[in-house]
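Trainee: structure of the sequence below:
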Amino acid sequence: MLGIIIGLVLLMFLAYRGYSILWVAPVCALVVGLSGGLNALELYRETYMTGLAGYVKSWFPVFMLGAIFGHLMDYTGSAKSIAHWLTKTLGAKRAIIGVVVGCGVLTYGGISLFVVVFAMYPLALELFREANITRKLIPGAIALGSFTFTMTAIPGTPQIQNIIPTTYYGTSPTAAPIMGTLAAVLMFVLGVLWLQRREKKFTAAGDVFTEPKNKEVAVIDYSKLPNPFLSFLPLVTVIVTMNIFDWDIVIALLCGIILAMILNFNKYQGFTKSISNGAVGSITAILNTAAAVGFGTVVKTVPGFATLTGILLNVPGTPLISEAIAVNLLAGATGSASGGMSIALEALGEKYLAIAMETGISPEAFHRVASLASGGLDTLPHNGAVLTLLAVTGMTHKDSYIDICMTSLVLPLVASIPAILIGSLGIY
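Mentor: Alright, predicted model coming up:
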């Protein structure tokens, strides 16, 4: 147990310091393994690498196609077209809601969070300039729309945080729709209210919009963007084929990719580069998560894991609380929603499924709680998406982290509580 705790603390500390999890995870796994009496070389070559390779084998197509889809939607201007239409429809008076909804639509359509950040920032800047709202709130608005309800809560989202639990619980992406919808509504409403309250506070103090300093912002020629309604079609295709036709996420993403290219065939010359960029970019993303899974595989093999399992599974109340705690802690430790959830489910997924069968609590409830919990403590200051968001918007942790923390960490934790409550009562 002590080795597991030291390994987790070391993992969190080194991730917080900004070191790559590609080497941090095996080093921390070595600490755990040696404390459990395992052979170091065998631990790395067999146990750790088996966990890492197994995850890559299962999920690389999803990561790669998702990244390619996002790059194509960005390259063709489709993502910006959708976001521009939504934000302009809502207007500058609803600048905050416009940014949140714009990000939400893009992420629910299957576009990766990082692509959404880059696509939305110029539009958010334009809206906030027109509404005279401080730029300090842009990261919070983008985080609320991208890192919360459309990532983990709304049933049917193709984001990886909603797909991973299907493997462990035999569920579908639309699992536990009542729990997910309730949590999504709470995140959206409370998040918007928080940002609007903060806007009034900043404005009253005279802190309003200022132009970015020493940072070039891409100028978008809106006349050259594709039709927003046609741009919606690839997103709708992914959602419909996956949730209504019940096709595999790989096939759904392929359909979205093909349609995006057909609708924007006049830009065919850049397709190959976009596909290559997406494919290459996905390698780092999946290896980061797979490295964390390898760590979880090692944890599972040491004697202290039985003690840890006993502690987690004996948390008072419904076992859904136990799962939420495990996923949140590991997501926080790794600074990754998918990484933390994958470690937790790799180690405890079979146990929770067995508990579901014994207690009569639907596996769908465990699916939704795992997904919701992955989007809680993951957005601690060392989270990669948080660092990217602040870098793109030109803000610092001091400027904007409080709003990122409230919208994408505190409120998801709060929204999980009623979802767990109704799930334990048999309402899914």
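Trainee: what about Val32, distance to Gly110?
Mentor: Per Cβ to Cβ, to the nearest Å, Val32 is found 35 Å from Gly110. Where C-beta positions appear, they are placed from N, C-alpha and C, glycine not excepted.
Trainee: so which of these two has more stuff around it?
Mentor: Of the pair Val32 and Gly110, Val32 is the one with more neighbours under other Cβ atoms under 10 Å, namely 29 against 25.
Trainee: buried residues, the helix or strand Phe232 falls within. List them.
Mentor: Using DSSP states H and E, Phe232 sits within helix 228-243. Residues of helix 228-243 classed as buried: Pro228, Ser231, Phe232, Leu233, Pro234, Leu235, Thr237, Val238, Ile239, Thr241, Met242, Asn243 (neighbour count, 16 or more other Cβ atoms under 10 Å).
Trainee: and if you look at stretch 50-62?
Mentor: Gly51, Leu52, Tyr55, Val56, Trp59, Phe60, Pro61, Val62.
Trainee: average model confidence for stretch 267-280?
Mentor: The pLDDT scores in stretch 267-280 average 94.
Trainee: stretch 235-252 too?
Mentor: On average, stretch 235-252 scores 94.
Trainee: how about stretch 327-337?
Mentor: For stretch 327-337, the per-residue pLDDT averages 83.
Trainee: neighbours of the closest residue to Val302 other than its chain neighbours, how many?
Mentor: Excluding its sequence neighbours, the residue lying closest to Val302 (Cβ to Cβ, 6 or more residues apart in numbering) is Gly36, at 2.9 Å. Residues near Gly36, counting by other Cβ under 10 Å, number 19.
Trainee: ok, Gly36 - contacts?
Mentor: Contact analysis of Gly36 by Cβ atoms under 8 Å, 6 or more residues apart in numbering lists Gly3, Thr301, Val302, Pro303, Gly304.
Trainee: after the lengthiest helix in the chain, which helix or strand is next? Please name it.
Mentor: The single longest helix within the chain, with elements called by DSSP state H, is helix 271-301. Once the chain leaves helix 271-301, the next helix or strand it forms, by DSSP H and E, is helix 304-313.
Trainee: if I look at Met71, how far off is Thr388?
Mentor: Wrong residue type there; residue 71 is His, not Met. Distance, His71 to Thr388, by Cβ to Cβ: 15 Å.
Trainee: those two - which one has more neighbours?
Mentor: Neighbour count, other Cβ under 10 Å: between His71 and Thr388, His71 has more, with 28 against 14.
Trainee: what sits against the residue nearest to the more buried one when sequence neighbours are not counted?
Mentor: If the residues on either side of it in the chain are set aside, His71 comes closest to Gly278, at 3.8 Å by Cβ to Cβ, 6+ apart. By Cβ under 8 Å, 6+ apart, the contact list for Gly278 reads Met64, Ala67, Ile68, Phe69, Gly70, His71, Leu72.
Trainee: burial count for Met395?
Mentor: Met395 has 21 neighbouring residues, counting by other Cβ under 10 Å.
Trainee: quick one: Leu8 from Val32, how far?
Mentor: Distance from Leu8 to Val32, by Cβ to Cβ: 8 Å.
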